[in-house]
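Undergrad: Whatever this is, show me its structure:
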Amino acid sequence: MPPTDTILDLECQQLSKSFAGQAAVDNISLSIPSGSFFSILGPSGCGKTTLLRMLAGFVEPDSGDIRIKGHSMLGVPPNKRPLNMVFQHLALFPMMSVADNIAYGLKRRGTPRSEIARRVADVLERVGLPDVGQRKPDQLSGGQKQRIAIARCLVLEPAVLLLDEPLGALDLKLREQMKLELKQLQQTFGTTFVYITHDQSEALVMSDQVAVMNQGRFEQVASPQTLYYQPATAFVAGFVGDSNRLSGRVEAPGRVALASGRIIHATAAGATPADRGAPVSLFVRPEGISPLLPGQPCQMDNCLDARVSTLLFDGANSRIGALLDEGTELTVRLPQTPEFAQLRPGDRLQLGWMGNQAQYFAAPAL
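TA: Residues are numbered from 1 along each chain as shown. Okay, here's the model as predicted:
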C-alpha cells in the first residue's frame, strides 16, 4: 500500500461482482498513486474486464466502493466520471478529420472554438503527430491511429485513462514498438494509466505496478521485477514469464524430492510448508538453467544428465527440450555461443542451476 500522504487517483475498496451466483470480481482492493502506469494482468475469464467495466461505470458493483481523486463513483454514470477509455477497436470516426476526431469530446462539452483549436494542436504535438490534423483516419498507419485514439481521450484531461487491450489488433512488430510509445506517452502527459491485458510482456515492459489476477482475485500486486524474481504464489510463478514446473515433496528445508527420488536444491517461497513429505510445485525458468556440453564441469547446486529431445530455433530466443534420464522434460534457453550452434536432437548434455534460481510452493489441494 502507498504511504498515507500519497495522492491517489484511483482506489477500489473491497469490490465484488457476481453473475448468476458466480463471483467475477471477489473482494478486490487497490490503490493507484497519481501519475502511475498500472496494469491488471490475467488470463481470459479471470475477471479483469468486469473490473474494468465497473471502473468505467458500465457495471455497478454488488458491494465495495470505487473512488477517483477521493470521490466515490457509486451511482455516477460513465459520462460523468473523470476518466476516459481506449478500446482495442479504436472507433475513430472515419468521415471526420483527425483534428475533428480529437475535438469531438471538447465540442460535446461546449468548449469555446479557440480553446478547442489550441488544445487539439497541443495534444497532436505531444503525441508526436503535429502535421496530421487534416488527414482522415484511413490515411494513417496503425501506430498513428493508436496515438490519435489516445490523444482523443487525453485532450479531455481525465484523471484516469483506462486501456482495454489496445494493442491486441496490431501486428507483432507494431505491438513491440507501441509498448515503448505508450510508456513514453504516459510519462509525457503524467496521466494515470490503468491497462488491462492478458499479455505479460506488455504489462512487464510498460508498468510501474502490475496486479496479477486469477479467478476474480489479485494474486499479487508488485513491480514487474518483483513479480518475476519473487512471485508470491505458484500461479504468479507459472503465469509471469516462462517456467518449468515440477512436482515433488519436501525432503528438508531447501531440498525437494522429485517422484524419481532425485533431490533438487531450491528456495522455499512465502509460507511454503517445511514439513517433510509436504507436496510442492517447483519452478525453474528456462533462462535460469545452464546447458553444459560433455566435458564441461558443473559447479552448481543442481547438476542433471539429459538428452536433447527437441530443438526450437528462434535466433536469440532459441530453446531446447531436454529429457532428463528419469523421464522429465525441461525447456532450456540456449546460450548464443558457437559451441551450441551444432547441437542436435539426441545429443547428451548436463543441465545445471543454483538453488536460488528455483522456487517451490505448496501444491494446490486436489
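
Undergrad: CA only for contacts and neighbour counts going forward, please
TA: Noted.

Undergrad: mind checking the end-to-end distance for stretch 290-303?
TA: One end of stretch 290-303 to the other measures 9 Å (CA to CA, to the nearest Å).

Undergrad: Begin at 150, not 1, for the rest of this chat.
TA: Taking 150 as the first residue, the last one we looked at is stretch 439-452.

Undergrad: Could you check stretch 488-502 and say which residues are buried?
TA: 492, 497-502 (16 or more other CA atoms under 10 Å).

Undergrad: With stretch 227-244 instead?
TA: Within stretch 227-244, judged by 16+ other CA under 10 Å, the buried ones are 227, 230-236, 239, 241.

Undergrad: And for stretch 478-487?
TA: 478-484.

Undergrad: remind me which residues of the stretch 200-349 of the chain are low pLDDT?
TA: 318 (pLDDT under 70).

Undergrad: what residues are up against D214?
TA: 161-164, 221-223 (CA atoms under 8 Å, 6 or more residues apart in numbering).

Undergrad: So what does it look like in phi/psi?
TA: phi -140, psi 150 (degrees, to the nearest 10).

Undergrad: still on that earlier bit, turn the buried residues of stretch 478-487 into a markdown table, including secondary structure and pLDDT.
TA: Output for these, formatted as a markdown table (DSSP: H, G, I helix; E, B strand; the rest coil; pLDDT from 0 to 100):
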| residue | secondary structure | pLDDT |
| --- | --- | --- |
| E478 | strand | 92 |
| L479 | strand | 95 |
| T480 | strand | 95 |
| V481 | strand | 95 |
| R482 | strand | 94 |
| L483 | coil | 91 |
| P484 | coil | 88 |
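
Undergrad: Among those residues, which one lies nearest to P210?
TA: T480 (42.6 Å; CA to CA).

Undergrad: Give the closest residue to that closest one in space, chain neighbours not counted.
TA: G470 (4.7 Å; CA to CA, 6 or more residues apart in numbering).

Undergrad: Would you mind putting the CA coordinates of the helix or strand where E264 lies into CSV?
TA: Using DSSP states H and E, E264 falls within helix 262-275. Provided in CSV are the C-alpha atoms of helix 262-275 (Å, rounded to 0.1, in the frame of the first residue of the first chain):
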residue,chain,number,x,y,z
ARG,A,262,-13.8,27.1,-30.5
SER,A,263,-10.5,28.9,-29.9
GLU,A,264,-9.8,26.8,-26.9
ILE,A,265,-10.5,23.6,-28.9
ALA,A,266,-8.1,24.6,-31.6
ARG,A,267,-5.3,25.3,-29.1
ARG,A,268,-5.8,22.1,-27.2
VAL,A,269,-6.0,19.9,-30.3
ALA,A,270,-2.8,21.4,-31.7
ASP,A,271,-1.1,20.9,-28.3
VAL,A,272,-2.1,17.3,-27.9
LEU,A,273,-1.1,16.5,-31.5
GLU,A,274,2.3,18.0,-30.8
ARG,A,275,2.7,15.9,-27.6
